[in-house]
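A.B. asks: Next come a sequence and a model predicted from it.
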Amino acid sequence: MQIGDNQEVLLELDRVSHFFDQRLVFRDVSLKLYRGSVLLLAGPNGAGKTTLVNIMSGLIKPVHGRVITGVPREKTAFLGHYTFIYPGLSALGNLRFWAGMYSLEISDHELAKILTTVGLKGFVHESAGTFSRGMAQRLSLARVLMLRPELMFLDEPATGMDYGSRRMLRDQILEARQNGAGIVWVSHSLEEDLDQADMVMYLENKKMAFLGRPADFRMLPAEAG
């Protein structure tokens with residue numbers, strides 16, 4: 001699906017600017033995220049990518065500008081650096097807990113299928129406290145997929161994952177996109193993930209230095225991207 005096939009806007013930023021104390025993080029960021037599309041958010045370390053994702057998801061409010069979304073909170077999911085898993089619970093127990101938090105009625109059989117989808121079939125009843133960083137991240141991804149969200153925020157979701165796990169992650173992002181989700185994705189491997197995106201936004205020098213299609217982004221001089 002390409003931008004324009006479905007013009008339903010799930011998220012809009014209107015001249016968003018943010019400061020920490022008196023330090024400008026970025027200014028005048030405006031964009032629209034459409035249903036069934038992936039926005040890849042890129043930029044050098046310290047450019048404000050995580051701050052912008054937190055603003056988009058409603059975790060923090062911008063100092064200036066507006067964030068507009070019609071997607072209800074229960075259909076919004078966030079996967080970031082913190083896994084939000086409980087080490088004393090099994091993988092299945094973690095999903096049970098989160099299903100209860102969202103008042104979802106999902107059988108253990110369905111939860112086990114989700115764990116299989118993220119490559120944790122053999123670890124359904126294992127304590128999450130024994131999981132590697134990559135396994136914990138896969139369990140956190142299972143939590144996100146369980147919600148069947150319409151709007152997903154992924155802040156370097158491949159942290160700690162090996163190549164096979166990253167491939168699985170990209171497959172799940174593609175499937176969510178095909179099911180109509182809008183996805184904001186901060187990648188720590190831009191070249192590896194660029195082809196998965198419909199649009200790219202590049203933050204640099206405290207502003208939105210680029211917003212456009214991946215093909216156009218690839219044509220920029222190396223120092224610009």
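C.D. replies: Noted; the coordinates are in hand. Residues are numbered from 1 along each chain as shown.
A.B. asks: all contacts plus neighbour counts: C-alpha atoms, from now on.
C.D. replies: Will do.
A.B. asks: Quickly list what the residue nearest in space to the middle of the chain is bridged to.
C.D. replies: Per Cα atoms, centre = their mean, the C-alpha nearest to the average position across the chain is that of L154, at 1.5 Å. In this structure, L154 bridges to L79, W185 when assessed by DSSP bridges.
A.B. asks: For the worst-scoring helix or strand of the chain on mean pLDDT, list the C-alpha coordinates in CSV.
C.D. replies: Taking all helices and strands of the chain together, the one with the lowest average confidence (mean pLDDT, DSSP states H and E) is helix 190-193, at a mean of 84. The C-alpha coordinates for helix 190-193 follow below in CSV (Å, rounded to 0.1, in the frame of the first residue of the first chain):
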residue,chain,number,x,y,z
LEU,A,190,18.0,2.6,9.0
GLU,A,191,19.4,0.9,5.9
GLU,A,192,18.0,-2.4,7.0
ASP,A,193,14.5,-1.0,7.6
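A.B. asks: and the following helix or strand past it, C-alpha only, in PDB?
C.D. replies: Sequence-wise, the next helix or strand beyond helix 190-193 is strand 199-204, with elements assigned using DSSP states H and E. Taking Å, rounded to 0.1, in the frame of the first residue of the first chain, the C-alpha atoms of strand 199-204 are listed here in PDB:
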ATOM      1  CA  MET A 199       7.500   7.800   4.600                       C
ATOM      2  CA  VAL A 200      10.700   8.900   6.300                       C
ATOM      3  CA  MET A 201      11.100  11.800   8.600                       C
ATOM      4  CA  TYR A 202      14.700  12.900   9.500                       C
ATOM      5  CA  LEU A 203      15.300  15.000  12.600                       C
ATOM      6  CA  GLU A 204      18.500  17.000  12.600                       C
END
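A.B. asks: any residues touching strand 199-204, and which ones?
C.D. replies: Defining contact as Cα atoms under 8 Å, 6 or more residues apart in numbering, one finds that strand 199-204 is touched by 37-44, 47-49, 194, 208-214, 217, 225.
A.B. asks: Swap in 6 Å and give it another go.
C.D. replies: 39-43, 47, 208-214 (Cα atoms under 6 Å, 6 or more residues apart in numbering).
A.B. asks: What of stretch 131-151?
C.D. replies: Applying Cα under 6 Å, 6+ apart, the external contacts of stretch 131-151 come out as 75-77, 83, 118, 160-161, 181-183.
A.B. asks: If you rank those residues by neighbours, which is first?
C.D. replies: I183 (29 neighbours; other Cα atoms under 10 Å).
A.B. asks: where's it, which helix or strand?
C.D. replies: Secondary-structure element containing I183, defined by DSSP H and E: strand 182-186.
A.B. asks: Wait, a helix at R177?
C.D. replies: Yes - for R177, which was evaluated using DSSP: H, G, I helix; E, B strand; the rest coil, the result is membership in a helix.
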